[in-house]
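K.L.:
sequence plus predicted model, see below.
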Amino acid sequence: MRGMRFAFTKCHGSGNDFPLIDARGITLDDSDWARVARALADRDGPVGGDGLLLLVGGDGGHAFGMRMFNSDGSEAETCLNGLRCVARAGFEALGLKTARVKLKTSSADVAREAELAPGVVTIRTIVGPASLEPMDVGLIGPLSELPSTRSFTAVAMPNPHLVTFVDTIDEAELVALGEYCEAGPALIPGRANVSFVELRGADLFVRTFERGVGLTDSCGSAMAASVLAAGLTGSVPIGAQVRVFNKGGLVRGRADADRMVTISGNATFLYDASVEIDLPDERAQPPEIHARHEDEAGAWNAAVAALG
Ligand SMILES: N[C@@H](CCC[C@H](N)C(=O)O)C(=O)O
């Protein structure tokens with residue numbers, strides 16, 4: 001099989017953008033889904049994104065499921081900005097307002113929530129318990145072996161996160177550490193998402209170098225890990241709702257004592273399209289756009305602009 005046509009929705013959560021495919025009726029093996037991800041989520045390609053989201057079928061305990069492939073084709077355990085978009089797609093497909101969602105190795109509870117701002121479709125996700133066990137994060141040695149003098153909290157959401165609190169984010173330093181992890185060093189062969197977090201009064205600002213992608217405008221699971229790490233290190237009260245800002249906007253987050261983490265934020269659909277992909281070449285043709293959701297895109301942009 002060479003060419004294959006896919007219908008998809010381009011969407012974003014806090015500026016973390018993805019093509020989202022309803023894959024419930026599509027049979028493709030994992031290596032082909034990885035090819036689709038590399039073709040569609042290629043920043044220099046005609047669609048672009050921080051990864052590929054799939055709405056997949058559920059089972060007895062889950063109304064539906066989500067799979068997520070990074071732009072390098074690797075499959076992640078979760079993606080919380082993406083989960084809001086997949087939850088919305090699942091709700092719209094099945095006529096639901098709440099659901100338990102099957103992820104690669106865990107489950108999440110999702111629900112429609114009051115709009116963060118006028119016209120911004122808002123979804124609440126509850127995940128966890130997050131693990132602080134080095135083994136669950138994929139660490140083979142102590143965090144002190146990281147090439148950094150900073151102090152890190154390692155969190156499995158269940159995808160692996162390394163979080164540190166800084167006075168001012170130094171992007172070059174973040175990228176250097178992200179690239180160290182991206183090489184799959186002996187300390188953390190499965191790689192990790194690396195976040196630098198600024199405490200801004202009662203709020204957080206998070207910048208993340210994502211495994212399998214690089215610097216993104218936001219990473220939902222990194223914001224969840226950061227809220228938990230802030231609670232554990234006493235920077236924000238456990239159980240308190242905090243605003244988590246990022247380059248793409250913001251979410252609301254809360255970490256509870258049982259390490260369950262709640263993140264609420266936008267699930268914005270930008271356009272509906274279909275696209276032809278040459279699977280062996282991992283190349284996408286320019287998409288045929290069927291409908292643009294300019295009202296939604298505008299509502300999110302207005303909400304972000306109002307933040308100042
Ligand atoms: N952007 C995502 C996380 C995507 C997966 C991550 N890059 C990984 O490999 O773990 C999010 O919003 O959580």
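P.N.:
Received, thanks. Fair warning: this is a prediction, and the values are worked out from it, not measured in the lab.

K.L.:
which residue packs closest to the residue most central in space within the chain, ignoring adjacent ones?
P.N.:
When C-alpha atoms, centre = their mean is applied to the chain, the residue found nearest the centroid is Cys79 (3.4 Å). Nearest non-adjacent residue to Cys79, counting by C-beta to C-beta, 6 or more residues apart in numbering: Met68, 4.0 Å away. Using the backbone N, CA and C atoms, a C-beta is placed for each residue, glycine as well.

K.L.:
is the one helix or strand that neighbour maps to in proximity to the ligand?
P.N.:
Using DSSP states H and E, Met68 maps to strand 62-70. Yes. Judged by C-beta under 6 Å from any ligand atom, strand 62-70 comes into contact with the ligand through 68, 70.

K.L.:
in its sheet, what does that strand sit against?
P.N.:
The strands beside strand 62-70 in its sheet (DSSP bridges) come out as strand 51-59 (antiparallel), strand 75-76 (antiparallel), strand 98-102 (parallel).

K.L.:
for the ligand, which of these is the nearest?
P.N.:
strand 75-76 (3.4 Å; C-beta to the nearest ligand atom).

K.L.:
got the CA positions of the helix or strand following that closest one in PDB?
P.N.:
Scanning forward in sequence from strand 75-76 by DSSP H and E, the next helix or strand is helix 80-94. What follows is helix 80-94, C-alpha atoms only, in PDB (Å, rounded to 0.1, in the frame of the first residue of the first chain):
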ATOM      1  CA  LEU A  80      -2.800  15.900  28.100                       C
ATOM      2  CA  ASN A  81      -3.300  18.900  25.800                       C
ATOM      3  CA  GLY A  82      -4.100  16.300  23.100                       C
ATOM      4  CA  LEU A  83      -6.400  14.400  25.500                       C
ATOM      5  CA  ARG A  84      -8.700  17.500  25.700                       C
ATOM      6  CA  CYS A  85      -9.100  17.600  21.900                       C
ATOM      7  CA  VAL A  86      -9.600  13.800  21.700                       C
ATOM      8  CA  ALA A  87     -12.100  14.000  24.500                       C
ATOM      9  CA  ARG A  88     -14.000  16.600  22.700                       C
ATOM     10  CA  ALA A  89     -14.000  14.500  19.500                       C
ATOM     11  CA  GLY A  90     -15.200  11.500  21.500                       C
ATOM     12  CA  PHE A  91     -17.900  13.500  23.100                       C
ATOM     13  CA  GLU A  92     -19.100  14.800  19.800                       C
ATOM     14  CA  ALA A  93     -19.000  11.300  18.200                       C
ATOM     15  CA  LEU A  94     -20.800   9.600  21.000                       C
END
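
K.L.:
report the buried residues of helix 80-94.
P.N.:
Under the neighbour-count criterion of 16 or more other C-beta atoms under 10 Å, helix 80-94 has 80-91 buried.

K.L.:
what about the helix or strand hosting Thr9, distance to the chain center?
P.N.:
Thr9 belongs to strand 3-13 when assigned by DSSP H and E. With C-alpha atoms, centre = their mean, to the nearest Å as the basis, strand 3-13 stands 17 Å off its chain's centre.

K.L.:
over to stretch 223-239?
P.N.:
Stretch 223-239 sits 18 Å away from the centroid of its parent chain (C-alpha atoms, centre = their mean).

K.L.:
what sits up against it?
P.N.:
14, 80, 127, 130, 132, 153, 155, 157, 161, 163, 165, 193, 195, 197, 199, 202, 204, 206, 240, 242, 244, 246, 251, 253-257, 259, 261, 263 (C-beta atoms under 8 Å, 6 or more residues apart in numbering).

K.L.:
start to end distance for it?
P.N.:
Taking C-alpha to C-alpha, to the nearest Å as the measure, stretch 223-239 stretches 15 Å from start to finish.
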